[in-house]
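Enquirer: give the three-dimensional model of this entry:
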Amino acid sequence: MATKKLETVADVDIDPEGTFKYVLIKVHDSEESKLIVRGWKWAEYHADIYDRTSSQLQKLGLDTEVLGGGRIQHNPSSKQLKVYGYSVGFGKADHEQSCSILKKHFPSYSITSSDEGY
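Expert: You can find the predicted model right below:
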């Protein structure tokens, strides 16, 4: 059972459409942890996503650790998500873990991953 603080943190927060950078983040308090996915088109760098998320969660008293990044291609009209690529600064996220988190949030989507592309 996740702690109250961790329960307030959404597992997924990504843009509703398009291709954008994403990061896989481990969020933890003194007792437990969970993985979350964050990705937005406005971010020029993967670090921009992590910095914003980390500062928001620190205000809740939670610690964060970036586990890597990549890109997400989100096509809501065909209900498809493609997770691929890597972050130059943080390395490649475990796309299978990211897909697993995304599948819980988008149960009717086809979600795939690839180690190809940037």
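
Enquirer: in this protein, which spans are helices?
Expert: Taking DSSP state H to define them, one finds helices in the chain at 4-7, 46-58, 95-105.

Enquirer: JSON lines for those, including mean pLDDT?
Expert: Formatted as JSON lines, the helices of the chain follow (pLDDT from 0 to 100):
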{"stretch": "helix 4-7", "mean pLDDT": "90"}
{"stretch": "helix 46-58", "mean pLDDT": "98"}
{"stretch": "helix 95-105", "mean pLDDT": "98"}
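
Enquirer: show me where this protein has strands.
Expert: Counting by DSSP state E, the chain has strands at residues 12-14, 18-28, 33-40, 63-75, 80-84, 110-114.

Enquirer: strand 63-75 and the last one, what's the angle between them?
Expert: Strand 110-114 and strand 63-75 meet at an angle of 110 degrees, taking axes from the mean of the first three to the mean of the last three C-alpha atoms, to 10 degrees as the criterion.

Enquirer: any regions of this structure where pLDDT drops low?
Expert: Where the chain drops to pLDDT under 70, the residues are 1-2, 117-118.

Enquirer: show me the contacts for the residue nearest to the spatial centre of it.
Expert: In the chain, the residue lying closest to the centroid (C-alpha atoms, centre = their mean) is Val37, at 1.6 Å. In this structure, Val37 makes contact with 11-14, 22-25, 98, 101-102, judged by C-beta atoms under 8 Å, 6 or more residues apart in numbering. (Glycine included, C-beta is placed from N, CA and C.)
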